[in-house]
Structures are given as C-alpha cells and as structure tokens.
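[1] Give me a 3D structure for the following:
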Amino acid sequence: MIKKIILISILITFLLPILTQAAVYSDDEEALIHIDIIGPRPGYTKEKITQLAFITDSDSQCLIYSNYPGTWKALSGTLWVEADIAYRYYTNLTTPGNYTWNVVCKTVGGDNETWALYEAREFRIIPPEPEPEPEINITENKTINLTEEININITINESVINITGNETVEINKSQQIINNCTGCMSDENCLEIGFLEESINGMKYYCSSNHIFEIQNSNRIECSENFECKSNYCLNNICRSDNIITKLFLILNFY
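    Numbering: from 1, shown residues only. This next block holds a predicted model:
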C-alpha cells in the first residue's frame, strides 16, 4: 500500500508540470485570432478613402492603425467586432500621399493581441483632377471713324415720336429732317420758313420756325405770322378773316 502511494506521488510530481504547460499552450492557441484584410488592397489608388474593411474569426476588440497623415498611430478608437462578419470602418481620407494600414485585435476579455497576418496594406491618395476652366467668349469690338460729312434723312410717319427718351416732338405730317437745312424738307428739297404746302386731303401746312410742317390755324387762334393762319391774316397775334366785314369791324373797334 505504501509503495502505491509513493508511486502515485512520483507520477504526480513529474506529470503535473507537463500537464500544466500543455494547458497553457492550449489556451494560447485558442487566444490567437485570424484577421483577414478586405480592403483597400495593396496598390489601391483613389482621390479619397472612404472605408477600411476587415473580418475576424472570433468576437474581438480591434484597433485600426495607419501612418495617415504622417505618423503611425491608431486611426480609430476601440472597435467591437463580431466573428465572421465584415467590419467596415467609415472614414474620409483625402490628403494626397502614400500610406499603409493594419489591424490589431484581441479576444473579448483577453490580453493577447494579434495583428493581421499579412504585412500592412498600402494605399495611395491622389489629388483630384482640376475642374475645367469655363469657356470665355470674347467679342471683338471694332471702332469705325467717319471722316466724311454724312447727311442722314429720317422719315417720320407717326404723330408723336420719342427722340431721346426724355424729349417728345409733336409732328402733324410725314416729313424729313436733314442736318444742313435751315427750313423744312419736302421731297428732298429744303423749303424756307413760311412756305405753304397743301396735302392730298386739302389741308394746308406751313414751314414753322421749328423746322417742321404745321397745320394752319383757324380764326381766333393765336399766331405770330400771317402764314400761320388759314386766312393768311394775323392781327394782334390772333388769326382773323381777311375780308371787308372784318376790316370794318376793326375800324369800329369791335376787335
């Protein structure tokens, strides 16, 4: 009986360290996490990086590291990753340059960290293409110098025409204006002030001091010259009939 006890003690003394070490190895193997990088893959080139993706084979706590925009450091906070589900870390990396990134994870509640088995992934950010410049249409301005004297005839058929936008001229007959005529134009002829002209409908017009043809006034209308009156008789600045009765009334002071 004593021999059996001694034998058991010896076996325990030699076998216990071996069993303990085997258990430690088993725990270490279970603690290892397999990490696969999804993207961006090596050589990925874009104007900006919007996400970094990876997957693990166990529930893990992970950190993403990168040298963007210049120093190797954690790019993210602690990420809680479910096993066998792709984790996408959304970001917005736009600074041009060549960069690398990787992922380190540990089991939930564990202490052993595991990096992705592959080397750190490389990606490149390039500047955006410049926007095309807007087309500019250039209109050539030409200046024409006129050295010869030019007479401009303007035919007017309206009763009222706006000349400068601020001045209005009343016109009672179709007429022409020319810059070197001191009277009124009629059929390309310059007629002197006071000249009488009869229209097709029998109306009489006179060339006024305003260089336009105006209709002769009826009796008892104000006037300055005889030719302004239909009677061709202007007395005391009033158009009057040129007959014996009118003159008789004048003698008797009826006017």
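[2] Kindly confirm my reading that Phe227 forms part of a helix.
    Yes - according to DSSP: H, G, I helix; E, B strand; the rest coil, Phe227 belongs to a helix.
[3] any idea how far Glu197 is from it?
    11 Å (C-beta to C-beta, to the nearest Å). Every C-beta, even on glycine, is put in place using the N, C-alpha and C of the backbone.
[4] Please enumerate the shared neighbours of the two.
    Tyr206 (C-beta atoms under 8 Å, 6 or more residues apart in numbering).
[5] Low-confidence ranges, the stretch 151-255 of the chain, go.
    Applying pLDDT under 70 to the stretch 151-255 of the chain flags the ranges 151-179, 200, 246-247, 249-255.
[6] go with 90
    151-205, 209-213, 215, 218-220, 230-233, 235-236, 240-255 (pLDDT under 90).
[7] all helices for it, in order.
    244-251 (DSSP state H, counting those that start in this stretch).
[8] show me the contacts for the closest residue to Lys73 other than its chain neighbours.
    In space, and not counting its chain neighbours, Lys73 is closest to Tyr65: 6.7 Å by C-beta to C-beta, 6 or more residues apart in numbering. Contact analysis of Tyr65 by C-beta under 8 Å, 6+ apart lists 72-75, 101-104, 120.
[9] got the contact list for His114?
    One correction, residue 114 is Thr, not His. 31-33, 35, 104-106 are the contacts of Thr114 under C-beta under 8 Å, 6+ apart.
[10] And the protein, what are its domain boundaries?
    Domain assignment for the chain by automatic domain parsing gives 31-125, 152-215, 218-255.
[11] okay if I get those domains as TSV plus distance to Glu131?
    Formatted as TSV, the domains of the chain follow (distance: least, C-beta to C-beta, whole Å):
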stretch	distance to Glu131
domain 31-125	13
domain 152-215	44
domain 218-255	74
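[12] All the strands of the stretch 101-250 of the chain, residue numbers only.
    113-115, 121-125, 154-156, 160-162, 168-170, 175-177, 184-186, 189-191, 196-198, 204-207, 213-215, 234-235, 238-239 (DSSP state E, counting those that start in this stretch).
[13] Show me the one of those that comes nearest Gln51.
    Checking the strands of the stretch 101-250 of the chain against Gln51 by C-beta to C-beta gives strand 121-125 as the closest, at 11.4 Å.
[14] Spatially nearest residue to Cys239 (excluding sequence neighbours)?
    Per C-beta to C-beta, 6+ apart, closest to Cys239 is Cys229, 3.5 Å.
[15] If burial is judged by neighbour count, which of the contacts of Thr114 pass?
    Buried members of the contacts of Thr114, scored by 16 or more other C-beta atoms under 10 Å, are 33, 35, 104-106.
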